[in-house]
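> this one's sequence-less:
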Ligand code: PGA
């Protein structure tokens, strides 16, 4: 009996040890001004026990880089191209030069409002890796797709296109963000159990395609707030959060980050 307990403790200990600390990423979307950003960033800071990043609009990258207080910098999208006649595009190399560590690819707003398809998201993830950035690959289903029981069919094909582009090796260097479209900016969050169920399925999907699934951080995004973050972060397969609206208020964002610190051993 003692032997069994010892084995289990050892195994759980190893699991905990191998799981990276939680990652909380603010996605400012199309919001900000020099004055508002300064006030927001001066009131935010890195915390021991969690990784924190802010993904800001392109024109504010330099300003944000100078006010990070130990947090990491990210962008919200990236060109699939490296350079050339692509008016309006911003390359991954430029983002890296500006100090970015992360870039969001395939956010549902990019997919639905700007026509980005699964293959393009794959190419953008490849561009990010080429420049040494960590792509935060967003996946998630619409309400109709959920209601018709197609969550993993949709999420699996979104992930599949990225896998085709960057392979298991590339995905092992990425972060996944599960963001059910019906929960983004709506105030309606997936329950912690609903999120956990999909995160566990994503992890199984990754393992099936030879990605070292246990080490991949799978963030949850969609109406994460200070009052629901702790429950979401307590789920074993939720590796952190991608935070939209609540990342624009320093008090709310920091409260979410503190919840991630408190749950780092879960
Ligand atoms: P939300 O946005 O937190 O405002 O729902 C999340 C996101 O779109 O990344």
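Sure, I can see it. Just so it is clear, the structure is predicted and the values come from calculations on it, not from any experiment. Residues are numbered from 1 along each chain as shown.
> phi, psi of the residue lying closest to residue 210 once chain neighbours are set aside?
In this structure, residue 210 finds its nearest non-sequential neighbour in residue 168, 4.2 Å apart by Cβ to Cβ, 6 or more residues apart in numbering. C-betas here are computed from N, CA, C, even on glycine. Residue 168 adopts backbone torsions of phi -60, psi -40, taken as degrees, to the nearest 10.
> can you pull the buried residues of stretch 257-266?
For stretch 257-266, the neighbour count (16 or more other Cβ atoms under 10 Å) marks 257-264 as buried.
> in helices, which of the residues you listed fall?
Among those, DSSP state H puts 257-262 in helices.
> where exactly do the strands run in the stretch 1-150 of the chain?
23-27, 51-55, 72-75, 100-105, 134-139 (DSSP state E, counting those that start in this stretch).
> nearest to the ligand, out of these?
Nearest to the ligand among the strands of the stretch 1-150 of the chain is strand 23-27 (4.2 Å), distances taken as Cβ to the nearest ligand atom.
> quickly run through the sheet partners of that closest one, with directions.
Under the criterion DSSP bridges, strand 23-27 sits next to strand 51-55 (parallel), strand 240-243 (parallel) in its sheet.
> could you double-check that residue 262 lies in contact with residue 230?
Yes. At 6.8 Å, residue 262 counts as touching residue 230 under the criterion of Cβ atoms under 8 Å.
> test my guess that the residue nearest to residue 210 contacts residue 213.
No. With contact defined as Cβ under 8 Å, residue 168 does not count as touching residue 213 (9.9 Å).
> more neighbours, those two?
Shown here are residue 168 and residue 213; by other Cβ atoms under 10 Å, residue 213 has more neighbours (19 against 13).
> for that one, phi and psi?
The phi/psi pair for residue 213 (degrees, to the nearest 10) reads phi -60, psi -40.
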